[in-house]
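Trainee: Attaching a predicted model along with its sequence, questions to come.
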Amino acid sequence: MGSTVLMPASSIFATAASNVATRNLSDDELVKMACEKISPSIFHVKFEDKGGTVVKDHVENLIKSLPDDLKGEWADKKDELLGCISETTTGFVVAEDPNYLAILTCSHSFEACYNASNPISTTTLKGLFKVSVRCDHEELNHDRRVPRVYVDAEVCRLDCKKDMLLLRVKKQGFCTRNHVVLDMADNLPPRRLGLVGMVSWPFDRHRTTVKGNMSHDLRGPEDIYDKNLHGYNFSGSSGAPLVDLESGVIGMLHGGRVECFTYFVSLADIKARLRSWGLIKMAGTPGSGTAAGSSSSSRKRPAP
Ligand SMILES: [Zn+2]
């Protein structure tokens with residue numbers, strides 16, 4: 001497949017003109033606009049095991065390697081764990097080049113296949129699952145009398161600790177409509193309880209849109225998990241992008257279990273990983289401007 005590094009494209013968001021046009025809108029109106037703006041860049045991601053016993057064998061081998069105090073617990077849950085796989089997640093466009101779209105989603109839908117001491121590689125993941133995606137435009141035009149069509153996606157990068165999976169999709173033969181690369185926000189919203197929006201795509205619930213208020217970025221994985229068997233080590237945070245009032249991504253949905261709270265992979269972690277994967281240029285590189293806390297120039301991500 002050659003190099004898996006994709007080039008970020010320039011964004012069309014946050015122009016001076018749009019700032020003028022939106023100056024008099026309420027936060028409610030702005031968050032609604034932000035969610036509408038990002039919707040064409042949201043993808044439905046499907047994981048299907050490759051058949052036979054490859055996934056079952058992999059999980060059984062993983063269980064064998066666990067410490068004795070965990071072995072029984074995982075063995076008891078094996079069927080449940082296997083049943084949780086092949087689910088779907090939400091993904092969003094983070095980069096593109098002339099030939100490919102890069103889509104970021106979460107990796108925990110196959111978390112039965114790894115733990116902190118046994119991380120899974122992209123090569124192993126490719127051997128276990130077929131990954132495919134469907135775009136927003138296709139779903140908008142979906143004729144319910146015919147089966148949905150998904151397009152193959154290639155696993156490019158994986159970071160289980162941060163719950164991030166990067167996929168790429170060939171543009172050739174794919175939907176020709178525009179799937180804009182979503183911007184990363186420069187910073188988190190300055191106000192406590194600032195209004196934020198999220199667009200996700202559970203199966204058959206296309207463009208599920210919610211708004212909420214950001215509380216803080218200090219919660220950890222232990223807030224949603226009794227045990228952190230998978231080694232999640234992000235501080236703060238299923239794949240849907242959380243955006244601010246200017247449509248800038250400020251997090252990616254990881255999970256939620258406590259009352260109305262949900263948890264997100266943090267903006268800093270997303271930026272750091274995209275940078276290390278070559279999708280955002282390093283701060284100080286000519287033509288870049290993507291350092292956390294930089295000026296609004298980071299809204300534009302020219303190709304390297
Ligand atoms: Zn499309």
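Mentor: Now that the structure is in, tell me what you want to look at. Numbering: from 1, shown residues only.
Trainee: secondary structure element for residue 139?
Mentor: Counting by DSSP states H and E, the element that carries residue 139 is helix 136-140.
Trainee: Packing partners of that helix?
Mentor: Helix 136-140 sits against strand 42-49, with contacts defined as 3 or more CB pairs under 8 Å, 6 or more residues apart in numbering; DSSP states H and E. C-betas here are computed from N, CA, C, even on glycine.
Trainee: Pull out the CA atoms of the helix holding residue 139 and give them to me as PDB.
Mentor: Extracted in PDB, the C-alpha atoms of helix 136-140 (Å, rounded to 0.1, in the frame of the first residue of the first chain):
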ATOM      1  CA  ASP A 136     -23.300  10.800   5.000                       C
ATOM      2  CA  HIS A 137     -24.300  11.600   1.400                       C
ATOM      3  CA  GLU A 138     -25.000   7.900   0.600                       C
ATOM      4  CA  GLU A 139     -27.200   7.600   3.700                       C
ATOM      5  CA  LEU A 140     -29.100  10.800   2.900                       C
END
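Trainee: Please enumerate residues in contact with the helix or strand that it is followed by?
Mentor: Next along the chain after helix 136-140, taking DSSP H and E as the criterion, comes strand 151-152. Taking contacts as CB atoms under 8 Å, 6 or more residues apart in numbering, the residues outside strand 151-152 that touch it are 130, 131, 132, 133, 134, 135, 169, 170, 173, 174.
Trainee: buried sites along the next helix or strand after strand 151-152?
Mentor: Counting by DSSP H and E, the element after strand 151-152 in chain order, helix or strand, is strand 154-159. By neighbour count on 16 or more other CB atoms under 10 Å, the buried set for strand 154-159 is 155, 156, 157, 158, 159.
Trainee: so how far is stretch 137-145 from its chain's centroid?
Mentor: In terms of CA atoms, centre = their mean, to the nearest Å, the centre of stretch 137-145 is found 23 Å from the chain centre.
Trainee: Quote the end-to-end distance of it.
Mentor: 17 Å (CA to CA, to the nearest Å).
Trainee: For that stretch, which residues meet the burial criterion?
Mentor: So, applying 16+ other CB under 10 Å, buried residues of stretch 137-145: 138, 139.
Trainee: which outside residues touch it?
Mentor: Residues contacting stretch 137-145 (CB under 8 Å, 6+ apart): 40, 44, 148, 149, 175, 177, 201, 206.
Trainee: Swap in 7 Å and give it another go.
Mentor: Residues lying outside stretch 137-145 but in contact with it, judged by CB atoms under 7 Å, 6 or more residues apart in numbering, are 40, 148, 149, 175, 177, 206.
Trainee: which residues of the stretch 151-300 of the chain fall in strands?
Mentor: 151-152, 154-159, 164-170, 195-200, 208-213, 241-243, 249-255, 263-266 (DSSP state E, counting those that start in this stretch).
Trainee: could you point out where this structure is predicted with low confidence?
Mentor: Applying pLDDT under 70 to the chain flags residues 1-22, 81, 84-86, 218-237, 256-260, 281-304.
Trainee: Nearest the geometric middle of it, what residue?
Mentor: Centroid-nearest residue in the chain: residue 105, 2.7 Å away (criterion: CA atoms, centre = their mean).
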